[in-house]
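>>> Here is my input; please provide its structure:
(chains A, B, C and D)
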There are 2 protein chains.
Amino acid sequence: MVKEGAYLQIGEVAERTSVTQRTLRFYEEKGLLRPPSRMEGGFRLYSEEDVSRVEQIRQLQKLLGFSLAEIKEMVEAEEIKSQIRAEYRRDADITERREKLARALAVTETQYALIRQKVEQLQQMREEYESKIAKYHGWLAQLDITEQELAASPS
Amino acid sequence: MVKEGAYLQIGEVAERTSVTQRTLRFYEEKGLLRPPSRMEGGFRLYSEEDVSRVEQIRQLQKLLGFSLAEIKEMVEAEEIKSQIRAEYRRDADITERREKLARALAVTETQYALIRQKVEQLQQMREEYESKIAKYHGWLAQLDITEQELAASPS
DNA sequence: ATTTACCTTGACGTGCGCGTTAAGGAGCGC
DNA sequence: GCGCTCCTTAACGCGCACGTCAAGGTAAAT
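Numbers count the residues shown, from 1 in each chain, chains lettered A, B, ... in the order given. All right, here's what the predicted structure looks like:
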């Protein structure tokens, strides 16, 4: 067994997030995941935060259809959030801190706007499909009527 | 000028749908668009129906993130719908017609279910972002307070 | 100490969705 | 007929997001 502490090896992260180990290393190469810590032998050690980062990446890919390059920019807001958490007790410059926060907020609001836009488009698409389905039902009902007429007055 | 009738050449379709001519030919190769009619010289002649088919393909790509292979299966329901319209006055077998309709309806309902699922996931994502944004605003407000305290009692 | 499972870094391969020449034919106003 | 634009097929290329070996090192159990 592996000494299950706060840290996870790449295999466990892969299993939990349903991505391959290759993908995790690939995301690291591309700068989507920050290089995790290592054990003496060089094995990667991931944190729970890394796991949720991976889940976030996958969501942005699947639900919003963004490229990894776009997602990279997006997750950098999360980077800033982590930094702020870490620096919380260090007496950093308050103005600098506010600027970082403001930038992270701006990125997040951009993402939020995109999500809202997509939701609206999808809802419109949903309505179109609802009327399509209604039309199909109408046609089927019409077929039933035609059939009954033919049964009542066979030529 | 081109004799603007009911039919469009590939360039016009490309412009109206904002895809390249290459893409239109590619979709035809892949069976996503049925081979359009041709003029004597071999130029493709598209119908308005073809145009909306292209638009549908792009929506399924962009909004739902499906592969062209998946979309191909989906648009075949539209094929059936077109067939039914065309055969409407031909006295086709009523049972056969109902079966076709039922299959097309089933496919459409599958697509509809996927859309609804995606809408729900996106709405959940939207809520997460709303609380994220609220958190950022909270932090910023906290910074303001800290600043005012420092101004009131400078160490 | 050896086995076995898990990990490491390259490096080449792959499927998708087209983009990009290349070489030439068709339509049309003049 | 000339010139221009628009079109045709064929074939190679490309970026993305990984997959798939290959060759070897490490961790943990026995």
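>>> mind listing what A:Arg34 touches?
Shown in contact with A:Arg34 (C-beta atoms under 8 Å, 6 or more residues apart in numbering or on different chains): A:28, A:50, A:79. For glycine as for every other residue, the C-beta is placed from the backbone atoms N, C-alpha and C.
>>> Retrieve the pLDDT associated with it.
Looking at A:Arg34, its pLDDT reads 96.
>>> Let me know the secondary structure of it.
Put simply, A:Arg34 is coil when judged by DSSP: H, G, I helix; E, B strand; the rest coil.
>>> Please tell me how far it sits from chain B.
Separation of A:Arg34 from chain B (C-beta to the nearest C-beta, to the nearest Å): 20 Å.
>>> of all the residues in chain A, which ones are close to chain B?
Chain A comes close to chain B at residues A:59, A:62-63, A:65, A:84, A:94, A:97-98, A:101-102, A:104-105, A:108-109, A:111-112, A:115-116, A:118-119, A:121-123, A:125-126, A:129-130, A:132-133, A:136-137, A:139-140, A:143, A:146-147, A:150, as judged by C-beta under 8 Å from any C-beta of the partner chain.
>>> Smallest gap between chain A and DNA strand D, at which residue?
A:Gly41 (2.0 Å; C-beta to the nearest atom of the strand).
>>> can the lowest-mean-pLDDT helix or strand in chain A be found next to DNA strand D?
Ranking every helix and strand in chain A by mean pLDDT, DSSP states H and E puts helix A:68-86 at the bottom, with a mean of 88. Yes - using C-beta under 7 Å from any atom of the strand, helix A:68-86 comes into contact with DNA strand D via A:68-69.
>>> sorry, back to before: among the residues of chain A next to chain B, which ones are buried?
Among those, those scoring as buried are A:59, A:63, A:84, A:97, A:101, A:104-105, A:108, A:111-112, A:115, A:118-119, A:122, A:125, A:129, A:132, A:136, A:139 (criterion: 16 or more other C-beta atoms under 10 Å in any protein chain shown).
>>> okay, now A:Leu32: neighbour count?
The burial count assigned to A:Leu32 is 21, neighbours taken as other C-beta atoms under 10 Å in any protein chain shown.
>>> Residue nearest the middle of chain A, spatially speaking?
A:Gln59 (1.5 Å; C-alpha atoms, centre = their mean).
>>> Remind me which helix or strand the closest residue to A:Glu73 other than its chain neighbours belongs to.
Leaving aside its chain neighbours, A:Glu73 sits nearest to A:Val107 (7.5 Å; criterion: C-beta to C-beta, 6 or more residues apart in numbering or on different chains). Using DSSP states H and E, A:Val107 sits in helix A:94-152.
>>> residues contacting the residue lying closest to A:Gln121 once chain neighbours are set aside?
Counting by C-beta to C-beta, 6+ apart, B:Leu63 is the residue found nearest to A:Gln121 once chain neighbours are left out, at 5.7 Å. Contacts for B:Leu63 (C-beta under 8 Å, 6+ apart) come out as A:118, A:121-122, A:125, B:118.
>>> Among these, which one lies nearest to DNA strand C?
Among the contacts of B:Leu63, and counting by C-beta to the nearest atom of the strand, the member closest to DNA strand C is B:Lys118, at 17.1 Å.
>>> one step back: mind exporting the C-alpha coordinates of the one helix or strand the residue nearest to the centre of chain A maps to to PDB?
If you go by DSSP H and E, A:Gln59 is part of helix A:48-64. Presented in PDB, the C-alpha positions along helix A:48-64 are these (Å, rounded to 0.1, in the frame of the first residue of the first chain):
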ATOM      1  CA  GLU A  48      -6.000  17.800  -3.400                       C
ATOM      2  CA  GLU A  49      -5.900  21.200  -5.000                       C
ATOM      3  CA  ASP A  50      -4.200  19.700  -8.000                       C
ATOM      4  CA  VAL A  51      -7.000  17.200  -8.300                       C
ATOM      5  CA  SER A  52      -9.700  19.900  -8.400                       C
ATOM      6  CA  ARG A  53      -7.600  21.800 -10.900                       C
ATOM      7  CA  VAL A  54      -7.700  18.800 -13.200                       C
ATOM      8  CA  GLU A  55     -11.400  18.500 -12.700                       C
ATOM      9  CA  GLN A  56     -11.800  22.200 -13.500                       C
ATOM     10  CA  ILE A  57      -9.800  21.800 -16.700                       C
ATOM     11  CA  ARG A  58     -11.900  18.900 -17.900                       C
ATOM     12  CA  GLN A  59     -15.100  20.800 -17.200                       C
ATOM     13  CA  LEU A  60     -13.900  23.800 -19.200                       C
ATOM     14  CA  GLN A  61     -13.000  21.500 -22.000                       C
ATOM     15  CA  LYS A  62     -16.100  19.400 -22.100                       C
ATOM     16  CA  LEU A  63     -18.800  21.900 -21.200                       C
ATOM     17  CA  LEU A  64     -17.500  25.100 -22.800                       C
END
